[in-house]
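[1] Quick one: sequence plus predicted model below, questions after.
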Amino acid sequence: MIKDFTAQGSSARYFPANSWYCAGWSHELTEAPLGRTLLGRYIVLFRDRAGRAAALDGRCPHRFAPLGQGSVVGDALACPYHGLQFAGDGQCIFNPHGEGKIPSGLQVRSYPLLERNGVLWLWGGEPERADPAMLPDDDFLVDPAFSSRTGYLKVNAHYQLPIDNLLDLTHGIFLHSRSLLGTGNEKSAAQLAEAASNTRHQVRTVGDVVHSIHHFPPGPATGLRRRLVPSEIVCTQSDMVWYPASNLILHSDAWPGTDVGVGPPALRLPSAHYITPESEGTSHYFVAIARNVNIDDAAVDDHMIDLVLKAFVEEDEPMIHDCQGLMGTTDLMALRPAILETDRAAILARRITARMIRDEARD
Amino acid sequence: MIKDFTAQGSSARYFPANSWYCAGWSHELTEAPLGRTLLGRYIVLFRDRAGRAAALDGRCPHRFAPLGQGSVVGDALACPYHGLQFAGDGQCIFNPHGEGKIPSGLQVRSYPLLERNGVLWLWGGEPERADPAMLPDDDFLVDPAFSSRTGYLKVNAHYQLPIDNLLDLTHGIFLHSRSLLGTGNEKSAAQLAEAASNTRHQVRTVGDVVHSIHHFPPGPATGLRRRLVPSEIVCTQSDMVWYPASNLILHSDAWPGTDVGVGPPALRLPSAHYITPESEGTSHYFVAIARNVNIDDAAVDDHMIDLVLKAFVEEDEPMIHDCQGLMGTTDLMALRPAILETDRAAILARRITARMIRDEARD
Amino acid sequence: MIKDFTAQGSSARYFPANSWYCAGWSHELTEAPLGRTLLGRYIVLFRDRAGRAAALDGRCPHRFAPLGQGSVVGDALACPYHGLQFAGDGQCIFNPHGEGKIPSGLQVRSYPLLERNGVLWLWGGEPERADPAMLPDDDFLVDPAFSSRTGYLKVNAHYQLPIDNLLDLTHGIFLHSRSLLGTGNEKSAAQLAEAASNTRHQVRTVGDVVHSIHHFPPGPATGLRRRLVPSEIVCTQSDMVWYPASNLILHSDAWPGTDVGVGPPALRLPSAHYITPESEGTSHYFVAIARNVNIDDAAVDDHMIDLVLKAFVEEDEPMIHDCQGLMGTTDLMALRPAILETDRAAILARRITARMIRDEARD
C-alpha cells in the first residue's frame, strides 16, 4: 500500500516550479518503475529498453491507479489495474481490452528528466526553460580522487526548514554537541557558547547561488576528522553552497594545526544535500558524502555516511519536525521570527525562493 | 475503544437512503448488542427475547454513549454509561435514577431491519418505502444443493470503488494474474493482453438491475476450478448482477472443454458481494461464496472463502485504496476519468445511483 | 519527538483563561525543563538555581524550537537548537553567536506560576487577577494524618467530559460495576437499577463552588473499603467539590454499619482531580488520593492509586472518548442532551464555566 502520496493538482505555490529537483539516485531506478511523490504530485519514473529514464504523472487517467506499481513492457509502462500502456512521452499507446480502441487524447503529463553523476533530476516547470547549467556542481560524486556514498532520509517538515538548518551550521554546536562534534566529553553550556562566539560566518552570493561560509576555531579533531587527519589539533572551514531552489553542496575542508589555508586541505569532505518537497509539510532528503583520504577503505565509507544519517535522523529531523509542529504553519516568515546574524544566508535563500515563486505566479 | 465510528448527522448525500444495505450476517448478532457504523451513522443492532433483531441509532441521547457497548435487558437495550433503557422501536422505557422520571420524547431513531437467508438488511430511508422485493436473490445461501461460507472485509475506500471493481472483472487478468487466475507460471504482459482481448463483455439491464457478463476464452482450469472441474480445459462465464445501490451477486459458471452452454455447467460458484458505506471514504464488504460440487468437503469450504478473501485483501483493496488516495476525492466522475468499453456496466450503475440520490434530494 | 503539542495562538475560547490550572506535580519538575501543552499552548516549566519554578511559552521566538528540550543554565533556560537563553520572566538574556547582540524585544510570554502542597499551579489569564484564594483546598496532600499518592492520566476528550463524569458518580453503578464497586459477583441489570434508585443526590453551591453529594445505601463493603473498614456492611457518602474551572476534590467517607454521620467516619478517602485542557479535544488528568487509615502501609498506597488509575484508564476514559467521538463536537450543550436529575451538578458547573468564558470574551 502506498502511504505517502498526496492528491494531484494542488494549487499550492510553496516551491518554484522552474527548478531542478532531485527525483532519486540513478541506482534506485532499475527494471521496475519507481513511484514517488515529488512536488506534491505522485510521479512515476521508469527506464525504456535503452535505459533512458522518463518521468510521468503517476496516476492512470482511467481509474487513477498508481502506475508506480505497474510494469515496464518494452518501452512502455503498463498500468497494474487494467493494463493500459503509456510511452515515455506520456501518450497511451496500448489498450488490451476488446477492440483495443484508445480514447483520443489519453495521456499523462511527462516531465523533463536528466541523469547526471548518478542523480535523477526532474524539472518541475516549463520544459523549454530546463537548463542543465542550473544544476549544482557535484562532480566529486564521480571523481576518482574521491570515494563517495549516498543515502536517503525522509523529513517530516517543509523543505525550507532543513535548508535553513544546513545554511546555519552553528546549530551543530548545540544540537550535535554530543554526536557529530562530540569528543566524547559532554561540553558545558558555557563551553558551547564560547565555541559559537569564536566561529566566523561569512555570506557571499554569485548570482542566485548563496555561499554560507564558516571558519571554525582550531580545536581537537572530532568525529571523522579525528580518524582521517594526522593531527591532534585541526582547523576547519565549511562552504555550504545553495543552488535554487533546494540543492546544496557542502565543501568541508580541514587543515592540521591552527592555520587555515596554508596549502591544500589535508582532508576534503564534500557532500551533496538535495532536498525535494514531497508535500507542503514533508520532504525527501537525498544525501551523498565523499572524501579524498583513505579512499579505498570501505569501512570508512560506511562510517562516513552512517555518521551523517544518524545525526540527521536522531537530532536534526526531530528538531525540525518539532519546530514545524510549534509553528503550526509551513510559512516561517509569516510568524515574524527573530533574525540573528547567523541567519543571513538562510534569509537570503528564502528571499530568492520567494521571488522565484512570485515571478511564476505573475507569469 | 471504538475506532471507526464517525459523527452523526452528516448531511453528505453520497448514497441513496431508500435502499437495502447489508448490516451484517445473522450469526454475528447474538445475545450482546452489535455496534457498527453504517451509512455514516453509528448504529446498534440487538435482539429481543424472541430473537427479533432491531436497529437503532447507537448514541444515547443523554450523554451520547455508544449503546453498542451496553447490554440487553429483557426486550430492551441498556446504556453502558448511566443505564437508560431503550426498546426496539427506539423509545426510552426505563430510567434507573432517583424517581425514574423519563424526560418526555426521549428516544433514538429506529430503522427497518429485515432478516433473510442469514443476512441482516437495514433500510436507510423512509420506512414506508422499504420493499423486500428489492433485495438481491441470494437463495443459494440456504439452498441444500450448495455449500456456502461467509466472510467480512473492510475497504478503505468509497463504496462505489469496490462496486466498479466487481462490475469490470477484466481487472483480474492484470491484478490477479498471480493469485486467483494464476496457473503458477507468471504470464508475460503480452499474454495478459491477449487474454484480455479474447474476453467478450456484455451488459444487460432489467429495470435498475444491471448484469455485467463476461465470456472468458477456453483455457487451462485455474484456481478453484482446477480442483473441482474434471477437465484440463474449461470455459467460464460470469454474470455479475448489481442491485441498487450496492449489492451484487456473481454467478460464475464453468463447463469442461471448450463449449459454453452445452448442458448445465459442471461447476457453479455463486457469490454475494454486499458493500455497505461505512463513511464517505470507507466501506464494509460482506462476502459469501457457495458451490454445487463436492459440497460435503469442509476443507474446500475453507479454501473457497480464503481464496476470495486473500485476493481481495492483498490485491483489490490496496489497489482501490490507492486509487482513492490518488483521486483525492470520492467523486470519481468529477475527475472525468477515461472511459473504456469495459466500464459500461460500472458507469450504468453509477448513473442509476446518481439518479436515486438526485431524486431523494429533490423530495 | 514531541507528539502532542499543538500550534500556538489558537483563538478558541473553550476554557476561561482567568483560572488556576494544574501544570503538574512538583516532583515532576527537577533539574531538566518540562515541556507540556496546557490550554492549547506548548508551555515550558523550569526551576532557577533557587528552585523557584517559572512557566514560559515553550517555543523559541527565533526558529520556534521547543524550549522544553533545552537545558537550564544558571537561572536561565537555553534553547536546544541555537542556544539562546531566556530568564524566568521570559526575556532573552544571552545570544551565544558572533557579537552576541540580542534583537530588541526578544522574549517569550511568562505565566504566573504558584507551587503549593506539591502542586504546580499555572494561571492562564491576566497576572493581576491571579488569586491563591481560588485554589482548591487540598491540604490533605500534606497532612501527616493522611498518606497520599499522586498519578497522571491522559484523557482523549474535552476537559468538561471528565468533569461531568466526576460530578455524577452514579455512572459508577453501571460503568464500574465489575471493578471499583465490584464485589466479585457481577450484578444483574435489575440489581444495578435498584442500587441507582436507592442513591440520594444533593447539590449545594458556595459562591461558584459546586458540591455534588451522594448518599449511597448501606451495603457490603467493596473495593478499598472492604480492606480498611472493620465491618461487613458500610455506609458511604461522597462530596465531590468543583472549583472553577476544572479542579475537583472528592471527600469520600465511610461508616461501619448502616448509620451515616454517627461519629466521625471510620475511613476518609479524600482525592484531588485536577483536569487541565491540553487541546480542545484532549486533557491532562492529575489525580491524587489519600486515606486516614493504615497510613504506614506502602502496599495499600500502591493499591489505592492503582485502583483509581485502572478504573479510569480501562472504563471511564474509553467511555468519555467514545462519547466525544459520537458527539462529533466538543460542545455538549449544542447537541441538546437529555438532562436527568443526576446531571444537576454538572449542568451547574457548565453554566458557571460558560459565564466565565462569556465574561472574558466581553472584556
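    Good, I have the coordinates.
[2] shouldn't residue A:248 be in contact with residue A:136?
    Yes: taking contacts as CB atoms under 8 Å, residue A:248 lies within contact range of residue A:136: 7.4 Å. To be clear about C-beta, it is placed using only N, CA and C from the backbone, and glycine gets the same treatment.
[3] what do these two both touch?
    Common neighbours of residue A:248 and residue A:136, using CB atoms under 8 Å, 6 or more residues apart in numbering or on different chains, are A:241, A:272, A:274.
[4] can you redo these as JSON lines with pLDDT, neighbour count and secondary structure?
    Below are these laid out as JSON lines (pLDDT from 0 to 100; neighbours: other CB atoms under 10 Å in any protein chain shown; DSSP: H, G, I helix; E, B strand; the rest coil):
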{"residue": "A:241", "pLDDT": "98", "neighbour count": "22", "secondary structure": "strand"}
{"residue": "A:272", "pLDDT": "98", "neighbour count": "24", "secondary structure": "strand"}
{"residue": "A:274", "pLDDT": "98", "neighbour count": "25", "secondary structure": "strand"}
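[5] May I see those arranged in TSV, with distance to residue A:68 as well?
    Below are these laid out as TSV (distance: CB to CB, whole Å):
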residue	distance to residue A:68
A:241	32
A:272	25
A:274	20
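[6] Looking at the residues you listed, spot the one nearest residue B:219.
    Using CB to CB, residue A:274 comes nearest to residue B:219 of the shared contacts of residue A:248 and residue A:136, at 49.4 Å.
[7] Break down chain A into its helices, ranges please.
    For chain A, the helices defined by DSSP state H cover A:160-167, A:171-175, A:189-197, A:223-228, A:298-311, A:317-327, A:344-362.
[8] among these, which is nearest residue B:363?
    Proximity to residue B:363 (CB to CB) singles out helix A:344-362 among the helices of chain A, at 45.6 Å.
[9] in that closest one, what counts as buried?
    By 16 or more other CB atoms under 10 Å in any protein chain shown, the buried positions in helix A:344-362 come out as A:344-350, A:352-353, A:356-357, A:360.
[10] now swap in stretch A:201-221 and tell me
    By neighbour count with 16+ other CB under 10 Å, stretch A:201-221 contains the buried residues A:201, A:203, A:208-214, A:216, A:218-219, A:221.
[11] could you check whether that stretch is close to chain C?
    Yes: on the criterion CB under 8 Å from any CB of the partner chain, stretch A:201-221 is in touch with chain C at residue A:201.
[12] Quick check: the gap between residue A:345 and chain B.
    According to CB to the nearest CB, to the nearest Å, residue A:345 and chain B sit 36 Å apart.
[13] My read is that residue A:14 contacts residue A:124, right?
    No: with contacts counted by CB under 8 Å, residue A:14 stays clear of residue A:124, the gap being 11.9 Å.
[14] Which one's more surrounded, the two?
    Each of residue A:14 and residue A:124 has its neighbours counted (other CB atoms under 10 Å in any protein chain shown); residue A:124 has more, 23 against 18.
[15] what's the span of stretch A:277-288 from first residue to last?
    The first and final residues of stretch A:277-288 sit 18 Å from each other (CA to CA, to the nearest Å).
[16] what mean pLDDT would you report for that stretch?
    Averaged across stretch A:277-288, pLDDT comes to 97.
[17] now stretch A:219-233
    Mean pLDDT, computed over stretch A:219-233, is 80.
[18] quick one: buried residues of that stretch?
    Using 16+ other CB under 10 Å as the test for burial, stretch A:219-233 gives A:219, A:221-225, A:228-229, A:231.
[19] which residues touch the lowest-mean-pLDDT helix or strand in chain A?
    Counting by mean pLDDT, DSSP states H and E, chain A has its least confident helix or strand at helix A:189-197, which shows a mean of 71. With contact meaning CB under 8 Å, 6+ apart, helix A:189-197 is reached by A:170, A:173-174, A:177, A:187, A:217, A:219, C:71, C:73, C:78, C:83, C:94, C:96-98, C:100.
[20] Using CSV, list the CA coordinates for it.
    The C-alpha coordinates for helix A:189-197 follow below in CSV (Å, rounded to 0.1, in the frame of the first residue of the first chain):
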residue,chain,number,x,y,z
ALA,A,189,26.7,25.3,28.2
ALA,A,190,29.4,27.9,28.7
GLN,A,191,31.9,26.0,26.5
LEU,A,192,29.2,25.7,23.8
ALA,A,193,28.6,29.4,23.9
GLU,A,194,32.4,30.0,23.7
ALA,A,195,32.6,27.8,20.6
ALA,A,196,29.8,29.6,19.0
SER,A,197,31.2,33.1,19.6
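[21] What score does the residue in the stretch 251-363 of chain A positioned nearest to chain C have for pLDDT?
    Nearest residue of the stretch 251-363 of chain A to chain C: residue A:328, at 2.3 Å (CB to the nearest CB). We note a pLDDT of 94 for residue A:328 in this prediction.
[22] Next up, the contacts around the residue most central in space within chain A.
    When chain A is reduced to its mean C-alpha position, the nearest residue by CA atoms, centre = their mean turns out to be residue A:274, at 1.6 Å. The contact partners of residue A:274, taken as CB under 8 Å, 6+ apart, are A:21-22, A:119, A:136, A:246-248, A:285-287.
[23] Can you tell me which of these end up in strands?
    Residues of these located in strands (DSSP state E): A:21-22, A:119, A:247-248, A:285-287.
[24] picking that back up, can you list the helices of chain A in a markdown table and add distance to residue C:254?
    Listed next are those as a markdown table, based on distance: least, CB to CB, whole Å:
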| stretch | distance to residue C:254 |
| --- | --- |
| helix A:160-167 | 58 |
| helix A:171-175 | 56 |
| helix A:189-197 | 54 |
| helix A:223-228 | 65 |
| helix A:298-311 | 58 |
| helix A:317-327 | 47 |
| helix A:344-362 | 65 |
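[25] Of all these, which one is nearest residue B:111?
    Among these, helix A:317-327 comes nearest to residue B:111, with 42.6 Å by CB to CB.
[26] how far is the closest one from where the chain is centred?
    Helix A:317-327 has its C-alpha centroid displaced from the chain centroid by 18 Å (CA atoms, centre = their mean, to the nearest Å).
[27] Same check on stretch A:295-311?
    Relative to its chain's centre, stretch A:295-311 lies at 18 Å (CA atoms, centre = their mean).
[28] quick one on the thing from earlier: can you check which of the helices of chain A gets nearest to residue B:253?
    If we rank those by CB to CB, the stretch that ends up nearest is helix A:317-327, at 56.4 Å.
[29] Just flag the most distant two among the contacts of helix A:189-197.
    By the measure CB to CB, A:217 and C:71 form the most distant pair in the contacts of helix A:189-197, at 22.7 Å.
[30] Run through the stretch 101-250 of chain A and note the low-pLDDT ranges.
    Along the stretch 101-250 of chain A, the model assigns pLDDT under 70 to residues A:178-190.
[31] Chain B contacts on that one?
    A:101, A:103, A:106.
[32] what do you get if the cut-off is 10 Å, keeping everything else the same?
    Taking CB under 10 Å from any CB of the partner chain as the contact definition, the stretch 101-250 of chain A meets chain B at A:101-107.
[33] who's in contact with residue A:113?
    If you count contacts by CB atoms under 10 Å, 6 or more residues apart in numbering or on different chains, residue A:113 has them with A:23, A:29, A:43, A:45, A:52-56, A:88, A:120-123, A:130.
[34] so what's the closest residue to residue A:335 other than its chain neighbours up against?
    Excluding the flanking residues, the one nearest residue A:335 by CB to CB, 6 or more residues apart in numbering or on different chains is residue A:327, at 6.0 Å. For residue A:327, the contact set (CB under 10 Å, 6+ apart) comprises A:157-158, A:161, A:334-335, A:337, C:7-8, C:59, C:63-64.
[35] Most neighbours among those residues, please name it.
    Neighbour counts for the contacts of residue A:327 peak at residue C:59, which has 30 neighbours (criterion: other CB under 10 Å).
[36] Pretty sure it sits against residue A:323.
    Yes: at 8.0 Å, residue C:59 counts as touching residue A:323 under the criterion of CB atoms under 10 Å.
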